[in-house]
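In: Sequence and computational prediction follow.
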Amino acid sequence: MNAAAAKEWLTKAWHHYSSGRILYDANHYTDTIGVDLHYAIEITLKSFLAYENKKILKTHNLLEIAELVKAYMVFSDEESVLLSIITKYHIKGSYPTPHRKLPSRDEIKKVLEFADQLLDRVCTLLNISTQEIKSEPN
């Protein structure tokens, strides 16, 4: 088991989550917030792989990653639908994408709550202190 590696991944996930939270509170663009939240959730899930010293696959599909970590965590149908929605927040580049709609603030609020709860759940399962993960940067 590699708790140190998992902690590094979870700390990075917290950085993305807290950036998304700050942007949400500032009433920023929801597509930008969504990218940060996608990464927060992706990296949180991949922390299980880091913990097990397994290869970190280069996929951004949250349902694929959830399948890889099902030994640790199983998602409800509602959570799986949310993971599918959040997967679409990931963009391959920073250029405009035709017909791409901004997520609603209500949707982003749900994702913020999910990401925060997920981070806490994962820290608990891996016996990693959320206080250390969420501490102020040096």
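Out: That came in fine, so what should we check first? Keep in mind it's a predicted model, so treat the numbers as computed, not measured. Numbers count the residues shown, from 1 in each chain.
In: Run through the neighbouring helices and strands of the helix or strand harbouring Glu42.
Out: Taking DSSP states H and E as the definition, one finds Glu42 inside helix 30-51. Secondary-structure packing of helix 30-51 (3 or more CB pairs under 8 Å, 6 or more residues apart in numbering; DSSP states H and E): helix 3-25, helix 62-68, helix 77-87, helix 105-125. C-beta coordinates here come from the backbone N, C-alpha and C atoms, glycine included.
In: any idea of the angle the longest one forms with helix 105-125?
Out: Using axes from the mean of the first three to the mean of the last three CA atoms, to 10 degrees, the inter-axis angle of helix 3-25 relative to helix 105-125 is 160 degrees.
In: shift numbering so it begins at 52
Out: Fine by me, first position is 52 from now on; the one you just mentioned is helix 54-76.
In: what helices or strands is helix 54-76 leaning on?
Out: In this structure, helix 54-76 packs against helix 81-102, helix 156-176, helix 181-184, with contacts taken as 3+ CB pairs under 8 Å, 6+ apart.
In: Run a quick neighbour tally on the closest residue to Leu169 other than its chain neighbours.
Out: Using CB to CB, 6 or more residues apart in numbering and skipping the chain neighbours, the partner closest in space to Leu169 is Thr95 (5.4 Å). Per other CB atoms under 10 Å, the neighbour tally for Thr95 reads 29.
In: Let me have the helices and strands packed on helix 81-102 in JSON lines, extended by mean neighbour count and mean pLDDT.
Out: Formatted as JSON lines, the helices and strands packed on helix 81-102 follow (neighbours: other CB atoms under 10 Å; pLDDT from 0 to 100):
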{"stretch": "helix 54-76", "mean neighbour count": "19", "mean pLDDT": "96"}
{"stretch": "helix 113-119", "mean neighbour count": "17", "mean pLDDT": "96"}
{"stretch": "helix 128-138", "mean neighbour count": "15", "mean pLDDT": "95"}
{"stretch": "helix 156-176", "mean neighbour count": "17", "mean pLDDT": "96"}
